[in-house]
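Undergrad: Sequence first, then the predicted structure, then my questions.
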Amino acid sequence: MYDIVIVGGGPAGLSAAITARMRGKTVAVISNNRTESGLYKAVEIGNYPGLPGISGAELSSKLSMHAAGMGAELIGGRVTSILPVGKEITVGYGSEILTAKSLILAIGIVQASVFPGEAELLGRGVSYCATCDGMLYKGKKVVVVALSPEAEEEAEFLTSIGCEVTTVKTKKIAVNSEGAEGMKKVVSVTADGTDIPCEAVFILRETIAPGSLLPGLETEKGHIKTDRAMRTNLPGVFAAGDCTGAPYQVAKAVGEGQVAVLSAVDYLAHLEKSQ
Amino acid sequence: MSVKHLTASDFYSEIASGPVLVDFWAGWCMPCKMLAPVIDEIDAEAGDKVKIAKVDVDAESAIAMEFGVMSIPTVILFKDGKELQRFVGVQPKETYMAALAPYLTGGAAS
């Protein structure tokens, strides 16, 4: 078990990881492929103090190397669910699980909006997890809305287990259903105006909305609600960076990452005392 | 009581009376594994007041289909054979406990 698990390998998450190691804590950072991030694609960052004109790719690489060099464990993967159990927090990514005593969410800008039909049909044909639900649709027609780099792999997985997969990459999506209230089922997906009949739709975004990732987490207009110490409403859970709100700037993210991890360290100290 | 694994042969008789919380899961599902210890804890706390059970949707696909379980984990609370409440995805223990609360108060088992 790790002292701290960080979800997100951007400036906020890696800043937190570096300070966590400075404080002698064991730490794992789980993140999507960083070359897909907005930061990595930024040609030039003009306002990060001390490093004028550095490219996003270079800053991103330096942050990763710094954190890894300090002994943080960097793990690639898309986190699909988080569950606090007692004084432990379990994080599920891909087909793996890891547990930690505390958690920092540094998941970047989150898409607050959902597609028409998505929320009410969750569990009625809408799924966020191909490895969980794919087997239930063996031999059936499914649509993958591929909005994350790992989505292609998940689509291949669905094909390999015998699903009839149509992959779409648009954000102009509507999920259509039939059936009486409470018994509704997905019957098709409208993508860019075209109807595709299916029994299930796997919506695979780069980040899952924080409230779905960690039920019970308080959010405000899609951002994770925190206090000045970057504490969320859940004990042992902290947040930092773009996911807590504007300004969406590297310097702000790095600062919040540090505040969050110091709060986590403080939380861990109290946890030890109470045992 | 320990969590009972139900099959088509005993599912209907087991849920027929009283409150029964059923966890629909499968071995390939990672979030189901995350939920398993929570279900065990709920079982320990519920004692004999609420039956806690599991259905492996891989082995018992007919039950899963009948109840429209299309995403796992799905947890359904039954009362006297009727579906009362459904939880899709991994939820915190408190969410399930809140649904069971009316059955956990008082001494007598239902």
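TA: Nice, I can see it. Keep in mind that this is a model prediction, so the values were computed, not measured. Numbers count the residues shown, from 1 in each chain, chains lettered A, B, ... in the order given.

Undergrad: The residue of the stretch 51-200 of chain A found nearest chain B: neighbour count?
TA: Going by C-beta to the nearest C-beta, chain B is nearest to residue A:123 of the stretch 51-200 of chain A, at 3.0 Å. For every residue, glycine as well, the C-beta is placed using N, CA and C. Other residues within reach of residue A:123, judged by other C-beta atoms under 10 Å in any protein chain shown, total 19.

Undergrad: likewise residue B:41?
TA: By other C-beta under 10 Å, the burial measure for residue B:41, its neighbour count, is 16.

Undergrad: gap between it and residue A:242?
TA: To residue A:242, residue B:41 is 35 Å away according to C-beta to C-beta, to the nearest Å.

Undergrad: again with residue B:50
TA: For residue B:50 relative to residue A:242 (C-beta to C-beta), the value is 42 Å.

Undergrad: now residue A:163
TA: Residue A:163 is 34 Å from residue A:242, by C-beta to C-beta.

Undergrad: Low-confidence stretches in the chain?
TA: You didn't say which chain, so I picked chain A. Within chain A, the ranges that satisfy pLDDT under 70 run A:111-112.

Undergrad: right idea, wrong chain: chain B
TA: If you take pLDDT under 70 as the line, chain B has these spans: B:1, B:106-110.

Undergrad: Which residue does it have closest to chain A?
TA: residue B:88 (3.0 Å).

Undergrad: Chain neighbours aside, what residue packs nearest to residue A:195?
TA: residue A:188 (5.1 Å; C-beta to C-beta, 6 or more residues apart in numbering or on different chains).

Undergrad: hang on, that neighbour packs against residue A:196?
TA: Yes - with contact defined as C-beta atoms under 8 Å, residue A:188 counts as touching residue A:196 (6.0 Å).

Undergrad: who has more neighbours, those two?
TA: Ranked by neighbour count (other C-beta under 10 Å), residue A:188 and residue A:196 place residue A:188 first, with 20 against 15.

Undergrad: Does anything pack onto the strand or helix carrying that one? Which helices or strands?
TA: Secondary structure assignment for residue A:188, by DSSP states H and E: strand A:185-191. In terms of contacts (3 or more C-beta pairs under 8 Å, 6 or more residues apart in numbering or on different chains; DSSP states H and E), strand A:185-191 is packed against strand A:141-147, strand A:173-178, strand A:194-197, strand A:200-205.

Undergrad: Of all those strands, which one comes closest to residue A:107?
TA: Among the helices and strands packed on strand A:185-191, strand A:200-205 comes nearest to residue A:107, with 10.9 Å by C-beta to C-beta.

Undergrad: Show me which residues of chain B are close to chain A?
TA: B:26, B:28-35, B:37-38, B:41, B:57-58, B:64, B:68-74, B:86, B:88-95 (C-beta under 8 Å from any C-beta of the partner chain).

Undergrad: Which of those fall in strands?
TA: The strands, defined by DSSP state E, take in B:74, B:86, B:88 from the residues of chain B next to chain A.

Undergrad: Excluding sequence neighbours, find me the nearest residue to the first one.
TA: So the one you mean is residue B:74. residue B:24 is the one closest to residue B:74 (C-beta to C-beta, 6+ apart), at 4.6 Å.

Undergrad: How is the one you found assigned, secondary-structure-wise?
TA: The local conformation at residue B:24, judged by DSSP: H, G, I helix; E, B strand; the rest coil, is strand.

Undergrad: so who does it touch?
TA: B:54-55, B:57, B:64, B:67, B:69, B:72-76 (C-beta atoms under 8 Å, 6 or more residues apart in numbering or on different chains).

Undergrad: again, only this time at 10 Å
TA: A:136, B:32, B:53-57, B:60, B:63-64, B:67, B:69-76, B:86, B:88 (C-beta atoms under 10 Å, 6 or more residues apart in numbering or on different chains).

Undergrad: same question, residue A:13
TA: A:6-7, A:27, A:29-31, A:63, A:67, A:72, A:74, A:104-108, A:240-241, A:253, A:257, A:260-261.

Undergrad: now residue B:71, nearest residue through space, not along the chain?
TA: residue A:123 (4.1 Å).

Undergrad: contacting residues for the spatially most central residue of chain B?
TA: Relative to the mean C-alpha position of chain B, the nearest C-alpha, by C-alpha atoms, centre = their mean, is the one of residue B:22, at 1.7 Å. Contacts for residue B:22 (C-beta under 10 Å, 6+ apart) come out as B:3-4, B:6, B:11, B:14-15, B:39, B:51-55, B:63, B:67, B:69, B:74-78, B:83.

Undergrad: Since that was my last question, I'll sign off now.
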